[in-house]
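Undergrad: model the following, please.
(one chain, ligands or ions: 1)
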Amino acid sequence: MIRLANKELCSGCTACASKCPHRAISMRRDRLGFAYPEIDMAACTDCGICEAVCPFQGHAHRNSVIEVYAVRHKDMKQLAASQSGAAFVALSDVILARGGVVYGAGYGEGFKVVHGRAVSPSERDAFRGSKYVQSELGTVFAQVKADLLDGKHVLFSGTPCQVAGLKSYLHSGGKLYENLYLVDLVCHGVASPYVWRDYLWYLERAYKHDIVAVNFRDKIFGWHSHKESFKFDDGSIIYPRFIVYKDCFLRPACGNCPYANLNHPSDVTIGDFWGIEQTDLRAEDDNKGHSILLCNTPQGVKLFDSIKEQVHFHPLAMSTCLQPNLCEPTRIPRSHLLFEKLYRRSWFVAFLKVRNFPSCLKRFVKHVKQRLL
Ligand SMILES: Cc1cc2nc3c(=O)[nH]c(=O)nc-3n(C[C@H](O)[C@H](O)[C@H](O)COP(=O)(O)OP(=O)(O)OC[C@H]3O[C@@H](n4cnc5c(N)ncnc54)[C@H](O)[C@@H]3O)c2cc1C
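TA: Numbering: from 1, shown residues only. Take a look at the predicted model:
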């Protein structure tokens, strides 16, 4: 049975809970809203299946990069609605055109970040744009399997750990599905769902209106900028600083990520083409967005071949587009432990009210540490 020595060893991928034949595992949220497996000892037979599928227990499913490209969609509307160069739209359009199914992260009630299923471009559009909070997977792995067994072409998109979890769940020891396409992201880490929930709660009270739209990185100030936007029901829009995506709000396992390198579990990896201004493509950087796209398997090369009509693309040398999370995991600050221990909506909101939130948080953590020692 799965035993977590510490939180750095679980990405919350749900492979163990989805695979357990005795339904003995449920996903329980901690104080920050990150889900971890909880075992019902009465139902568990200690069969070991949960350990066998855990991507953090040595089953990492790593591929190596075959080809790398700078990619940008030809449709400027798709570009504006996507986080980088709209590579995801182009890739998922291929699968939808085959009558297939696309899985990705969208919004649920109250802008909770949840994984969903789409069979049309309008449903898929909800997955465009990055949500820098960990998405809830629910029973998505079982749905993916049902679609695959139904003979449908399926594209699953998510963070590398979610893709690794799905692969473990589907293939543990068995053969790959030929109709499955896996797309993951260059990933800095996923932030706390409860910090996100409480941040929205605070904004609605502070501005005395309901939020009707959110954007984690609004391109209105250009692709290179990092500003969130929130639209209220009176039509007003605010652009606060990028507050939810602080490293101390990230999941502890992100600091121990086995995929923050060039060995991703997916067929295709997409990310922002940071550093474009230092390459031969600098003249094409109009601040509207460019993606990098890494083909990691022959299946990925095939999928990329099928979008070449829809995108502008240039082959790249890997060395020209390396960025921190293609080399190493994000370092999670030690203040995270204290932050988690003390987390309450009330004090988080109290800090949000103070203008200089990050440095106040630092000072507060230092102060508490001194008092504890
Ligand atoms: C948590 C997170 C961290 C990231 N960190 C980096 C980074 O450090 N460096 C970098 O270059 N790029 C990073 N990205 C990727 C980048 O922001 C773009 O998503 C990527 O470049 C694809 O852009 P696009 O225009 O092709 O597609 P978009 O239209 O922006 O497609 C979004 C894709 O991301 C998926 N997605 C969105 N939110 C989530 C989520 N919460 N969990 C799982 N999947 C999600 C959707 O399912 C969809 O496949 C990160 C993305 C996320 C979600």
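
Undergrad: ok, residue 149 - contacts?
TA: Residue 149 makes contact with no residue, according to Cβ atoms under 8 Å, 6 or more residues apart in numbering. In short, each C-beta sits where N, CA and C put it, glycine included.

Undergrad: mind listing the helices for the protein?
TA: Shown for the chain, the helices assigned by DSSP state H span residues 15-19, 49-53, 76-81, 87-97, 121-124, 140-149, 160-171, 193-207, 298-305, 335-342, 345-353, 357-372.

Undergrad: of all those, which one is nearest the ligand?
TA: For the helices of the chain, the distance to the ligand is smallest for helix 87-97, at 3.4 Å, taking Cβ to the nearest ligand atom.

Undergrad: ok and that closest one relative to helix 298-305, angle-wise?
TA: 90 degrees (axes from the mean of the first three to the mean of the last three Cα atoms, to 10 degrees).

Undergrad: which one is the residue of the stretch 251-373 of the chain found nearest the ligand nearest to, not counting chain neighbours?
TA: Residue nearest to the ligand within the stretch 251-373 of the chain (Cβ to the nearest ligand atom): residue 271, separated by 3.0 Å. Distance criterion Cβ to Cβ, 6 or more residues apart in numbering; nearest residue to residue 271, sequence neighbours excluded, is residue 186 at 3.0 Å.

Undergrad: and for residue 125?
TA: residue 81 (7.0 Å).

Undergrad: in this structure the one you found contacts residue 126, no?
TA: No. Counting by Cβ atoms under 8 Å, residue 81 sits too far from residue 126 to count as a contact (10.6 Å).

Undergrad: residue 237 bridge partners, please.
TA: Per DSSP bridges, the residues bridged to residue 237 are residue 231.

Undergrad: that one contacts residue 230, correct?
TA: Yes. With contact taken as Cβ under 8 Å, residue 237 and residue 230 are classed as touching, separated by 6.9 Å.

Undergrad: for these two, indicate the residue with more neighbours.
TA: The neighbour count for residue 237 versus residue 230, taken as other Cβ atoms under 10 Å, is higher for residue 230 (22 against 12).

Undergrad: gap between that one and the ligand?
TA: Distance from residue 230 to the ligand, counting by Cβ to the nearest ligand atom, to the nearest Å: 17 Å.

Undergrad: wait, that residue sits on residue 216?
TA: No. Between residue 230 and residue 216 there is no contact under Cβ under 8 Å: 10.3 Å.

Undergrad: check contacts around the residue most central in space within the chain.
TA: Nearest to the mean C-alpha position of the chain, counting by Cα atoms, centre = their mean, stands residue 159 at 4.1 Å. With contact taken as Cβ under 8 Å, 6+ apart, residue 159 is in contact with 11, 134, 184, 185, 187, 190.

Undergrad: dihedrals phi and psi, it?
TA: Torsion angles at residue 159 (phi, psi; degrees, to the nearest 10) stand at phi -70, psi 160.

Undergrad: pLDDT score assigned to it?
TA: Looking at residue 159, its pLDDT stands at 98.

Undergrad: next: residue 99.
TA: pLDDT, residue 99: 98.

Undergrad: now it: how far from residue 73?
TA: Using Cβ to Cβ, to the nearest Å, we find residue 99 at a distance of 22 Å from residue 73.
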